[in-house]
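Enquirer: make a model of this:
(2 chains)
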2 protein chains.
Amino acid sequence: MIQSENPQSLIAFLRKLRAVRQFRAEKLPQDAIDAILDVARWSGSASNRQHWEIVVIQQRSTLQALAACEGYAKHLAGAALGIILVMAGEPGLEEQETYDEGRLSERLMLAAEAYGIGSCIGWLRGQGVQEAKTLLGIPQERLVRTAISFGYPDEEARRARPKNVHARKPLSEIVHFERYA
Amino acid sequence: MIQSENPQSLIAFLRKLRAVRQFRAEKLPQDAIDAILDVARWSGSASNRQHWEIVVIQQRSTLQALAACEGYAKHLAGAALGIILVMAGEPGLEEQETYDEGRLSERLMLAAEAYGIGSCIGWLRGQGVQEAKTLLGIPQERLVRTAISFGYPDEEARRARPKNVHARKPLSEIVHFERYA
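Expert: Below is the predicted model of the structure:
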């Protein structure tokens, strides 16, 4: 029973996840990659549909080509490993797939964090979706949107960023008890 | 540095999250509630928009009224605590809000799990959305969809469920390396 042993350290682990965009070139160990994928496998989804597939990319040329696709995934160029989420694209289930894609993404980032590996979500947009499908051989009907970069954080680049970039609202601004108003 | 101490136990923690729908009546301790909300506060969102608010409900009558709303959140009736996510509802940002709502939901469930507290996501649908907004005083323009039930698992009820209800596909069916096809 891990959770009863030390809830506080698990909470600290969950709390401290932050997006990392600058990575060291170092490869990721295979056991970490395997564990991250296994956490993905056990993600929850509406009616347990598991309506996802995952493309794992480590070839620099492919990561660079994906980073050049239209959207917000330029950080893939410097990642040690990139993941493209491929959702089923079932007509009428866009809302469920989008929500479950968010759940899956969060787990992937946390699983990486367990190994001290940083990550960052980017979305392919506009023509970038089609470009990525062509590049990776993904069938037309699938829903492709999320690219996640993984790698050991480049701490030096990180320290150079403005300190308040990750600030959050105080709890009093987001939490209501019993009623909204 | 928690993550470097024991990645395996963190991975085991992430892997074992399962939806729990049957709860003991026992109240949740305030420190657990505070920690769950703080994990929510630190969730990541597109452009750090933090486009969410959270309504926390412990009054049995309100939980029962919400459980009776149209949708899939009947499990709220027996929950020790329920959370309704209130997304900003900004026009044109439905996709981002839905995805980030998924990310936030996953964190809330994991934070609960850290304390041995079970949880289950339900969606309000159809008239249920309007009913919940009226019940909780949530402004019309907000996006209301997700209800999450929390409580200590009723292990007896859990053991009575079919064993394969949480089965997952093997990794070979969901993971592709370098290319989809």
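Enquirer: where does A:Glu53 land in three-state SS?
Expert: Under DSSP: H, G, I helix; E, B strand; the rest coil, A:Glu53 falls in the strand class.
Enquirer: and it, what is it in contact with?
Expert: Listed by CB atoms under 8 Å, 6 or more residues apart in numbering or on different chains, the contact partners of A:Glu53 are A:85-86, A:142, B:173-176, B:180. Any C-beta I mention is one placed from the backbone N, CA and C, and that applies to glycine too.
Enquirer: now A:Ile84: which helix or strand?
Expert: Assessed by DSSP states H and E, A:Ile84 sits inside strand A:81-87.
Enquirer: give the next helix or strand downstream of that strand.
Expert: helix A:94-114.
Enquirer: avg pLDDT for that following helix?
Expert: If you average the pLDDT over helix A:94-114, you get 97.
Enquirer: so which elements touch that helix?
Expert: On a contact count with 3 or more CB pairs under 8 Å, 6 or more residues apart in numbering or on different chains; DSSP states H and E, helix A:94-114 meets helix A:7-15, helix A:30-41, strand A:52-57, strand A:81-87, strand A:118-123, strand A:143-151, helix B:7-15, helix B:94-114.
Enquirer: just the buried subset of the contacts of A:Glu53, written out for PyMOL, thanks.
Expert: Of the contacts of A:Glu53, the buried ones go into a single PyMOL selection, burial set by 16 or more other CB atoms under 10 Å in any protein chain shown:
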select buried, (chain A and resi 85+86+142) or (chain B and resi 174+175+176+180)
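Enquirer: hmm, who's touching stretch A:92-99?
Expert: With CB under 8 Å, 6+ apart, stretch A:92-99 has contacts from A:45-46, A:49, A:51, A:87-90, A:143, A:145, B:95, B:98-99, B:101-102, B:105, B:146.
Enquirer: I'd like the distance from that stretch to the chain centre, please.
Expert: Centroid separation for stretch A:92-99 versus its chain: 17 Å, with CA atoms, centre = their mean, to the nearest Å.
Enquirer: show me which residues of it are buried.
Expert: Those would be A:93, A:96-99, for stretch A:92-99 by 16+ other CB under 10 Å.
Enquirer: could you list the low-pLDDT ranges of chain A?
Expert: Counting by pLDDT under 70, chain A has low-confidence residues at A:1-5, A:162-165.
Enquirer: mind running it again at 90?
Expert: A:1-5, A:25, A:44, A:46-49, A:155-167, A:171-173, A:178, A:181 (pLDDT under 90).
Enquirer: for it, which residue gets nearest to chain B?
Expert: Closest approach between chain A and chain B, counting by CB to the nearest CB: A:Gly102, at 2.6 Å.
Enquirer: A:Leu81 - nearest residue in space that isn't next to it in sequence?
Expert: A:Phe150 (4.5 Å; CB to CB, 6 or more residues apart in numbering or on different chains).
Enquirer: dump the residue contacts of that neighbour.
Expert: A:23, A:28, A:36, A:79-83, A:112, A:117-119.
Enquirer: so among these, which ones count as buried?
Expert: Judged by 16+ other CB under 10 Å, buried ones among those: A:23, A:28, A:36, A:79-83, A:112, A:117-119.
Enquirer: and these, which two are furthest apart?
Expert: Across the buried ones among the contacts of A:Phe150, the longest distance by CB to CB is 14.9 Å; it joins A:Phe23 and A:Ile36.
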